[in-house]
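> need coordinates for the below:
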Amino acid sequence: MACCTKLRGCLVLAVALLAIPISVQAQERQRARDLGVAPGIFAPGRWNAITDVAGVRVGQVTLHEGERIRTGVTAILPHEGNAYRSRVPAAVHVGNGFGKFVGISQVAELGELETPILLTCTLCVWKAADAMAEWMLERPDMRQVRSINPVVGETNDGGLNDIRARPLSAEAVRRALEGARTGPVQEGSVGAGTGTVAFGWKGGIGTSSRVLPESLGGWTVGVLVQSNYGGVLQVLGAPVGRELDRYAFQNAVAQQRGDASQASGPADDRGDGSVIVIIATDAPVDDRNLGRIASRAMMGLGRTGSSASNGSGDYALAFSTAASVRRAYDATRLQTAQLANEEMSALFQASVDAVEEAVYNSLFMATTVSGNGKTVEAIPLDRVREILSRHGVRSAPGDDPAAAGDAR
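Prediction:
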């Protein structure tokens, strides 16, 4: 019976995905680099994704059911083993705490992760946490475990999604965890980004990575974001939000100027929303310096036009996969080899740049989504190209991810 139920759930999801209008599925979307947008100076990894950090895997389940359900779950697994028994150091930075990030107090206290990380919608965080705890406790080597700390972040997709229905099932969480893979990561209106909105356009899941030169350690930094926040969008400094006539406080600015005809934005747009940033690195970094890395995520968000508004939940979680800083669950002594403070600056730079690009990817790869009686449009890439060209944004030489990956 359980097998039949699981199969029936998969079929429902498959049918729901097939029901998405062909025009939406077929929209040609492009990543930031395809538009000549390559923040920073370091090259990306092979996939320009968080999965460029060896061992990190991502799994996603998209829930697109009927006319009202537009949500999902994204799972980030730090390595191929049991996250509880082999723990990675981690730290959380809170840019603005208007959110529900389950499990972060223990991460802050102990400086480590003991589960994968899940991202989903606001009213589903506790269901996701419960499902992941049950999934982990069922592992063969977890029979004696009596406490576990699920880590689950969220953003509110209640515009496009019937969030009060709390549609996330334990089966969907399990599929995201068990389906996690390395390699390219699907972006845009998928997984936990299915119903999100950013800067007035369709937001979603975005990812990016940076590989440091060998002279700086050769370490990899990978980022994944769930974008659902606002502000005044800019892309490499180009005022995209203003020129597309969609930005926070738009009506108030028009009224101040005495031009009521320009008051075309949402009446209550104050840049609210939320964003979750996950940063992974293979650099041997302890939880204290991971906290410093996580704090730099806010700089990357600021570059995109965020002001971390009062109603925005802006969280960053960073972890290291390096074997030399890994922690056995039953260790009585820790012997680690970690980078000194003086070696952190290049990792900070890589993190800021990768966060910025991951946000752009979340926007540029998102497709128009209708649900719950609303439609949120994908940002028009043809007009973005025009704006970038007008402001002199050009791709830097040697920034091709495939070339960077081959060169490693």
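> going by C-alpha atoms from here, please, whenever you check contacts or count neighbours.
Fine.
> let's see the pLDDT reported for the nearest residue to Glu67 once chain neighbours are set aside.
Nearest residue to Glu67 in three dimensions, chain neighbours excluded: Gly371, at 5.4 Å (C-alpha to C-alpha, 6 or more residues apart in numbering). In this model, Gly371 is scored at 97, pLDDT.
> next one: Gly265
Listed pLDDT for Gly265 reads 61.
> Ile117 too?
Looking at Ile117, its pLDDT is 98.
> following the chain past the top helix by length along the chain, name the next helix or strand.
What stands out as the longest helix in the chain, according to DSSP state H, is helix 345-364. With elements assigned by DSSP states H and E, the helix or strand that comes after helix 345-364 is strand 369-371.
> can you name the secondary structure element that comes next after that next one?
Later in the chain than strand 369-371, the nearest helix or strand by DSSP H and E is strand 374-376.
> show me where pLDDT drops low in the protein?
By pLDDT under 70, the low-scoring segments of the chain are 1-27, 260-268, 395-408.
> show me where it has helices.
Taking DSSP H as the test, the helices found in the chain are 2-18, 22-25, 104-110, 125-137, 170-178, 240-243, 250-256, 287-295, 297-304, 345-364, 381-390, 401-407.
> quick one, which of those is nearest to Tyr329?
Judged by C-alpha to C-alpha, the one of the helices of the chain that comes nearest to Tyr329 is helix 104-110, at 11.9 Å.
> restricting to C-alpha, output that closest one in CSV.
Extracted C-alpha coordinates of helix 104-110, given in CSV (Å, rounded to 0.1, in the frame of the first residue of the first chain):
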residue,chain,number,x,y,z
ILE,A,104,19.9,27.8,14.0
SER,A,105,20.2,28.4,17.7
GLN,A,106,22.0,25.0,18.1
VAL,A,107,24.1,25.7,15.1
ALA,A,108,25.2,29.0,16.7
GLU,A,109,25.9,27.4,20.0
LEU,A,110,27.8,24.3,18.8
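> so what secondary structure elements neighbour that helix?
Contacts defined by 3 or more C-alpha pairs under 8 Å, 6 or more residues apart in numbering; DSSP states H and E place helix 104-110 against strand 86-97.
> about what we covered before: make JSON lines out of the helices of the chain and add distance to Leu118.
Below are the helices of the chain laid out as JSON lines (distance: least, C-alpha to C-alpha, whole Å):
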{"stretch": "helix 2-18", "distance to Leu118": "20"}
{"stretch": "helix 22-25", "distance to Leu118": "25"}
{"stretch": "helix 104-110", "distance to Leu118": "12"}
{"stretch": "helix 125-137", "distance to Leu118": "7"}
{"stretch": "helix 170-178", "distance to Leu118": "8"}
{"stretch": "helix 240-243", "distance to Leu118": "30"}
{"stretch": "helix 250-256", "distance to Leu118": "34"}
{"stretch": "helix 287-295", "distance to Leu118": "17"}
{"stretch": "helix 297-304", "distance to Leu118": "19"}
{"stretch": "helix 345-364", "distance to Leu118": "17"}
{"stretch": "helix 381-390", "distance to Leu118": "30"}
{"stretch": "helix 401-407", "distance to Leu118": "27"}
